[in-house]
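Enquirer: Return a 3D structure for these sequence lines:
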Amino acid sequence: MQRTLVIFLKEPRPGRAKTRLGRAIGMTSAAWWFRHSAWALIRRIGHDPRWHTVLAVTPDAEGLASRIWPADLPRWPQGPGDLGARMARAFRAMPPGPVLIVGADIPALAARHIADGFRLLGRHDAILGPTPDGGYWMIGLKHGARAVPSRIFAAVRWSSPHALTDTVASLAPLGIGYGPMLADVDTEDDLARH
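Expert: Prediction:
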């Protein structure tokens, strides 16, 4: 079975990417930070032969045509809706086999974390990688499209300290494993810690 890694990316334009960070450091600086951080992440994990990498882009038309992201990696349009609707659609669209979705704003994320995530999916139906703010940097399903719960991401309070616990509730009755805690960058304080 093919292992699929999906990296969620926003087109790094001022006012579109990292807007909470942009309110503190300026939208242009936040977009610049995201562009370079995402590129560094793709270099670290995007071409590993242990998995097939897909770039899930938004906005759809601009992301699919973008010259910013590597041309040698396949792209998939995220489509409309909140983060949960877009991630559920990604899980359902990927090939059979284990699927991991990660964000592009986790500076410490390395190939070993992805490899460990796929190993965890050998023992669990679903996995999550928590962040200190109550969210998560990774979510995975062992059987991809075949095992997406019908209520996945129902009533998740995104960008809140409840995102992880709400997501766990939406994954019932799947057995859930947890990866290590890694920090994402959403605010100026987050950026200062990296």
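Enquirer: Once you drop chain neighbours, what's closest to residue 28?
Expert: Spatially, and ignoring its direct neighbours in sequence, residue 28 is nearest to residue 14 (4.6 Å; Cβ to Cβ, 6 or more residues apart in numbering). (C-beta placed from N, C-alpha, C; glycine too.)
Enquirer: Thought residue 30 was touching that neighbour, still the case?
Expert: Yes - counting by Cβ atoms under 8 Å, residue 14 touches residue 30, with 7.4 Å between them.
Enquirer: In terms of neighbours, single out the busier of the two.
Expert: Neighbour count, other Cβ atoms under 10 Å: between residue 14 and residue 30, residue 30 has more, with 25 against 15.
Enquirer: List the contacts of stretch 145-158.
Expert: Here stretch 145-158 makes contact (Cβ atoms under 8 Å, 6 or more residues apart in numbering) with 82-85, 87-88, 91-96, 99, 125-126, 141, 162-163, 166-167, 169-172, 174.
Enquirer: before we move on, back to that, list the contacts of the residue nearest to residue 28.
Expert: Going by Cβ under 8 Å, 6+ apart, residue 14 touches 22, 27, 28, 30, 31.
Enquirer: secondary structure class for residue 161?
Expert: Under DSSP: H, G, I helix; E, B strand; the rest coil, residue 161 falls in the coil class.
Enquirer: ok, the spatially closest residue to it that is not a sequence neighbour to residue 68 distance?
Expert: Among residues not flanking residue 161 along the chain, residue 134 sits closest, at 3.2 Å (Cβ to Cβ, 6+ apart). Separation of residue 134 from residue 68 (Cβ to Cβ, to the nearest Å): 30 Å.
Enquirer: what does residue 107 give?
Expert: Distance of residue 107 to residue 68, given as Cβ to Cβ: 19 Å.
Enquirer: So which of these two has more stuff around it?
Expert: Of the pair residue 107 and residue 68, residue 107 is the one with more neighbours under other Cβ under 10 Å, namely 17 against 14.
Enquirer: The more buried one: what's it in contact with?
Expert: Applying Cβ under 8 Å, 6+ apart, the residues contacting residue 107 are 37, 40, 183, 185, 194.
Enquirer: Among those, which lie within strands?
Expert: Among the contacts of residue 107, no member falls in strands (DSSP state E).
Enquirer: Which of these ranks first by neighbour count?
Expert: residue 185 (23 neighbours).
Enquirer: thought that residue was touching residue 18?
Expert: Yes - using Cβ under 8 Å as the test, residue 185 is close enough to residue 18 to be in contact (7.4 Å).
Enquirer: Output the contacting helices and strands for the helix ranked longest in the chain.
Expert: Criterion DSSP state H: the longest helix present in the chain is helix 27-45. Helix 27-45 is packed against strand 4-10, helix 19-25, strand 52-58, helix 111-120, with contacts defined by 3 or more Cβ pairs under 8 Å, 6 or more residues apart in numbering; DSSP states H and E.
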